[in-house]
Structure formats: C-alpha cells, structure tokens
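Asker: fold the following for me, if possible:
(chains A, B, C and D)
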There are 2 protein chains.
Amino acid sequence: MENRTVDTRERILDAGERLFMAHGYEGTSMRQITSEACVNLAAVNYHFGSKESLMQEVFRRRLDWLNEERMRVLDVLEAEANGEPVKPSAIVDAFFGTLLRMAGDENRGGMTFLRLLGRTLTEPSEFIRAFLAHEYKTVMDRYKEALFKALPEVPKAEIVWRFHFMLGATSYAIAGTDALRLVTDWQIEDEDSTDRLDRLVPRLMSFLLGGLRAQLPQFSDAAVDSK
Amino acid sequence: MENRTVDTRERILDAGERLFMAHGYEGTSMRQITSEACVNLAAVNYHFGSKESLMQEVFRRRLDWLNEERMRVLDVLEAEANGEPVKPSAIVDAFFGTLLRMAGDENRGGMTFLRLLGRTLTEPSEFIRAFLAHEYKTVMDRYKEALFKALPEVPKAEIVWRFHFMLGATSYAIAGTDALRLVTDWQIEDEDSTDRLDRLVPRLMSFLLGGLRAQLPQFSDAAVDSK
DNA sequence: TTATGATTAAAACGAACGTATGAATCATAA
DNA sequence: TTATGATTCATACGTTCGTTTTAATCATAA
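Answerer: Presented below is the predicted three-dimensional model:
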C-alpha cells in the first residue's frame, strides 16, 4: 500500500514544484499539476487537502533540509571558532553557499526549487507569508547574531539591510538565471550551462562579500546612524 | 468628453498598478480592478482592449519616463567626462539611483510601481517578457558599455553578472521593503518610514558599489576566466 | 478467499474568470 | 434643440477554476 501512495505524492510534489516555478502559484491550475503528474484530478485534494497545502508541502520538503543544514554548518563553524567570531565569509558561505549548492543536487530539488524559492520571496501570497516566516525565523535569527558578532564595528541596522540585499542578489542570481536573459538579451559568453553553476557560486560569493564589507553609507541628513 | 475619459483611464491604471503589485498579474481579477477604480467592469476592455494590454500600459506609463531619464543622465555624465570613462559610482547612481528616487515621486508611481517592477522581474509572464525586453534593451546596452569602459580591468562577463546581482539586490530592496519583514520578522529599528526611504538609497548604493568593485572570484577549476 | 481500509477514478458542483453585447447616458457641435 | 459620437452601464456568454462526491479498484490481513 505504501508504495503507490508515496509515488503519487512525490509525482504531485515534483509537478507542483516545476509548475509553480514556471508559472507562479496563481498561474498554475490543479488540472495542469495532475495532468503533468499523471494522476487523477482528485489526487491532490486526497493527499494534501488543498492547493494551498500542496504549495506548503512543496516548500517544506526542501526547506526542512536546507535550514537544518544551515544550522548544522553554523554549529560546526562556531564550535571551530571556540567563542571567537566566525569569519564573515564563512557565515555567508554557510547561508548562501548551502542554498546555492542545492542547485546541483537534483535529489533536493536542484535548480527548479531554487528558482521557485527565488520568485516566491518577491510574490509572497498572503497564506505563504506566515508559513515562510515560521519556517525561516529560527535560522535567520541565528545567522543575524553570527553576523553581529563577526562585524562588531558595523551598526546592526546596516547588517540587517545588507543581509536583505544579499538575499535579493541571490534570489535573482537563481530565479533570473534565464529570466534576466529575457529582460536584457545578454549572452553570458563562452560558458556552457554546466560551467555556469560551478562559477556562479564563487562569483556571487565575491559580490555578496564585497557588498557586506562595503564602506558604510554617508547619510546626507543630520542624524547619525543609531547604534 | 476628454476629461471623463482621462480620469477613467488613469483610475484604472492606478488601481491596476496597486493590485498587480499586491497580488500579481494572475492573482488580480478584472472585477477587483474595476471595483477599486470605481468604474464599470467593461471599462478596461473598452479603454485598453484586454487585461494583458492594461498590464503593458501600466508599465509603459512609468518605464518610458524612467528609461528616458536614465539615458539623459548618462548623456550628461559622458559629456562631462569628455571621452574619459565615467566613474562607476556615477553610473550606478544614474541607473539605480534614478530608479530608487522614483519611489519618492508619487506622480511617477512612487513605491507602488517600484514594488510592482521588482516582483514582475522574477515572475515574468510569457507575454510581459517580450515587452520588458524591448522596453529595456537600449538602455541596458548603454549602461553595460559604460561599465565596461569604467572598469577596463574587470572581465566583461564578470561585469554582466554583477549588474545582474545589483538588479536583484535593488529589486528586493524595493519589493521586499515590507515583504522581507514578513519572511524574517525583522524590525529595522529606530526608523520611521519617511527616514527609511531617504536612507535606503545611500545604503543600497554602498552595497552595490561594494559588490561591483569586490575582489574577483577565484575559480577552483583549471580554466581561467575568459577575456 | 474474503473482508477491509486505502487509493484511484469519473463526474459534477457552484463560483469566479476574461470578454462581449446592446441599450442608456453623456458631452459636444451644428 | 437636435444629431452624433464617445463613454458608461447592466447583463450575459462560455470557460476554467478548486473542490466534492460516489463508485470502482487496489493491496493487504484474516
């Protein structure tokens, strides 16, 4: 009994992941999903209850592992540091590198899930917001604290903003890997697509670190940045 | 006759802009739009032909000015430079600063349009891709060339990627101004919302320039970065 | 082999979608 | 004042949406 069920559930999750990535939540119909998964229309409601619950399960399947892994890696880094601050580059790699390396692991959703995640963060449907907030809260707080410790001379508000900017650059780097081409018609010359992912990680990492450690902004107005 | 028409068209465009921003293209219905605009359901099809055409017009109304302004500013910068390369910081400010300062100009869409633009770039519906590509092509090429000249020691492929990353960070900075709060539950402490926008521009600019001028990545593999 | 609970299947539900139609209403020029 | 073209209006069309229902089919344990 177990076998059929798992296959059906997984096929639905895979189809949902791919279609939500390509057309968004609202732009994807149950009939598209069940058709692509080769299951009956009623199967989604039977196994997941509703379209919204399916969407949540699509995320949970990947995010649970991702955020556990992020916690685990940061645990290791902090243990190695023996109470000293962890290097910013190591923190950034633990958070964003772990995410990006999912793209190469087809068993963990690969590029498809990363692009879904990237686009979802800019179009948070009301119901998915609470879910993502809950799913992300703990790991975000841990990394925020680690960055505060790693960069004691940078105001906390600035670090929070820069984490925010880093998330944006990363989401685009993924979600837009071929979307941006359609906007700009740019060719990333001389690179086949296998090369591209391998090189994306160091490229993005350089950019993120450059931004994180950039000169602090000068506010034209009077008020100095509050500690 | 002219007056009623213009008002109706503008009210529809305003409502569409706000609702597309909040719920996305697929997530917004004609009935929501016409209801918010206080016009008859048939008014959209009468004035714009279809929902897709309305979406295009929502963008055109703002992008035409934005991209002309970007061109104009770069013209001025290059004229002042007398054939010398323009400073990277000036190029970045001309492109992204011009965009960000739209947020403060309610007559040009303000924050609403910027957030719509930000989220649309990660969810490019098939039909909007060709439109945005056409609308953006010329100005993108101009700025790309300016950056090549400004950073002759950086490989062109790297500059293209970093422009890409900067777009992402910027889109998030805008689209996520309150979306990210919902993901991370962060409070940007000690700042009222009027302060926030004034400070966002220098903050983001510092980050973008730090990323643009960051140390070049070291690729672990053999092949050196191609010219 | 038969009984049982899990899963799949086919069909239909009411609601909401984008769009089209034709009559009513408006502003303007003759 | 009346004729005309632009605009607004109420209404309906045909589809598609997510979900539900009821029956058929399957796998397993007694």
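Asker: report the central residue of chain A.
Answerer: In chain A, the centroid-proximal residue (C-alpha atoms, centre = their mean) is A:L117; its distance is 5.1 Å.
Asker: wondering if the lengthiest helix in chain A reaches DNA strand D at all.
Answerer: Longest helix of chain A, by residue count under DSSP state H: helix A:51-81. Yes: contact check for helix A:51-81 against DNA strand D, using C-beta under 7 Å from any atom of the strand: residues in range are A:51-52. Quick note: C-beta positions are derived from backbone N, CA and C, even for glycine.
Asker: using CSV, write out every CA atom in the next helix or strand after that helix.
Answerer: Sequence order places helix A:88-92 as the next helix or strand after helix A:51-81, per DSSP states H and E. C-alpha atoms of helix A:88-92 as CSV (Å, rounded to 0.1, in the frame of the first residue of the first chain):
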residue,chain,number,x,y,z
PRO,A,88,32.0,36.8,7.6
SER,A,89,33.0,34.9,4.5
ALA,A,90,32.3,31.6,6.3
ILE,A,91,28.9,32.8,7.5
VAL,A,92,27.9,34.0,4.1
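Asker: what helices or strands is helix A:88-92 leaning on?
Answerer: helix A:51-81, helix A:126-150, helix A:193-212 (3 or more C-beta pairs under 8 Å, 6 or more residues apart in numbering or on different chains; DSSP states H and E).
Asker: what about 10 Å?
Answerer: Using 3 or more C-beta pairs under 10 Å, 6 or more residues apart in numbering or on different chains; DSSP states H and E, the elements in contact with helix A:88-92 are helix A:51-81, helix A:126-150, helix A:156-175, helix A:193-212.
Asker: pull out the buried positions in the longest one.
Answerer: Taking 16 or more other C-beta atoms under 10 Å in any protein chain shown as the basis for neighbour counts, the residues of helix A:51-81 that come out buried are A:51, A:54-59, A:61-63, A:65-67, A:69-70, A:73-74, A:77-78.
Asker: and the angle for it with helix A:126-150?
Answerer: Between helix A:51-81 and helix A:126-150, the angle comes out at 10 degrees (axes from the mean of the first three to the mean of the last three C-alpha atoms, to 10 degrees).
Asker: is any residue of helix A:51-81 near chain B?
Answerer: No: judged by C-beta under 10 Å from any C-beta of the partner chain, helix A:51-81 and chain B are separated, with a smallest distance of 11.6 Å.
Asker: mind giving me the packing neighbours of that helix?
Answerer: Applying 3+ C-beta pairs under 10 Å, 6+ apart, we find helix A:51-81 packed against helix A:2-23, helix A:30-36, helix A:43-48, helix A:88-92, helix A:98-102, helix A:110-122, helix A:126-150.
Asker: still on that earlier bit, dump the helices and strands packed on helix A:88-92 into JSON lines; add mean pLDDT as well.
Answerer: Shown next, in JSON lines, are these (pLDDT from 0 to 100):
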{"stretch": "helix A:51-81", "mean pLDDT": "97"}
{"stretch": "helix A:126-150", "mean pLDDT": "89"}
{"stretch": "helix A:156-175", "mean pLDDT": "88"}
{"stretch": "helix A:193-212", "mean pLDDT": "86"}
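Asker: out of these, which gets nearest to A:D105?
Answerer: Shortest distance between A:D105 and the helices and strands packed on helix A:88-92, using C-beta to C-beta, is found for helix A:51-81: 9.8 Å.
Asker: show me what contacts A:S220?
Answerer: Contacts for A:S220 (C-beta atoms under 10 Å, 6 or more residues apart in numbering or on different chains) come out as B:198-199, B:201-202.
Asker: that one in helix, strand or coil?
Answerer: With DSSP: H, G, I helix; E, B strand; the rest coil as the basis, A:S220 sits in coil.
Asker: also A:G104?
Answerer: Counting by three-state DSSP, the backbone at A:G104 sits in coil.
Asker: got the contact list for it?
Answerer: Shown in contact with A:G104 (C-beta under 10 Å, 6+ apart): A:110-111, A:194, A:197-198, A:201.
Asker: for A:R61, same thing?
Answerer: Counting by C-beta under 10 Å, 6+ apart, A:R61 touches A:9-10, A:13-14, A:16-17, A:108-109, A:113.
Asker: as TSV, the residues you listed with neighbour count and pLDDT would be great.
Answerer: Formatted as TSV, those follow (neighbours: other C-beta atoms under 10 Å in any protein chain shown; pLDDT from 0 to 100):
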residue	neighbour count	pLDDT
A:R9	20	96
A:E10	12	96
A:L13	21	98
A:D14	17	97
A:G16	27	98
A:E17	24	97
A:R108	16	92
A:G109	26	89
A:F113	26	94
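Asker: between those residues, which sits nearest chain B?
Answerer: A:F113 (14.6 Å; C-beta to the nearest C-beta).
Asker: check the gap between the closest one and A:V92 for me.
Answerer: Going from A:F113 to A:V92 by C-beta to C-beta, to the nearest Å gives 21 Å.
Asker: same thing with A:E123?
Answerer: Note on A:E123: its distance to A:V92, by C-beta to C-beta, is 25 Å.
Asker: for A:E153, give me phi and psi.
Answerer: Phi and psi for A:E153, reported as degrees, to the nearest 10, are phi -90, psi -10.
Asker: give the contact list for it.
Answerer: By C-beta under 10 Å, 6+ apart, the neighbours of A:E153 are A:L216.
Asker: what comes up buried for stretch A:17-33?
Answerer: Under 16+ other C-beta under 10 Å, the buried positions of stretch A:17-33 are A:17-28, A:30, A:33.
Asker: was I right to think A:H164 contacts B:T170?
Answerer: No: using C-beta atoms under 10 Å, A:H164 is not in contact with B:T170; the gap is 11.3 Å.
Asker: got JSON lines for the contacts of A:S220, with distance to B:E84 too?
Answerer: Listed next are these as JSON lines, based on distance: C-beta to C-beta, whole Å:
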{"residue": "B:D198", "distance to B:E84": "31"}
{"residue": "B:R199", "distance to B:E84": "32"}
{"residue": "B:V201", "distance to B:E84": "26"}
{"residue": "B:P202", "distance to B:E84": "25"}
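Asker: quick check: can you list the domain ranges of chain A?
Answerer: With domains defined by automatic domain parsing, chain A comprises A:1-49, A:51-212.
Asker: who wins for proximity to B:A43 among the ones you listed?
Answerer: Evaluated over the domains of chain A, closeness to B:A43 peaks at domain A:1-49, with 23.1 Å, by C-beta to C-beta.
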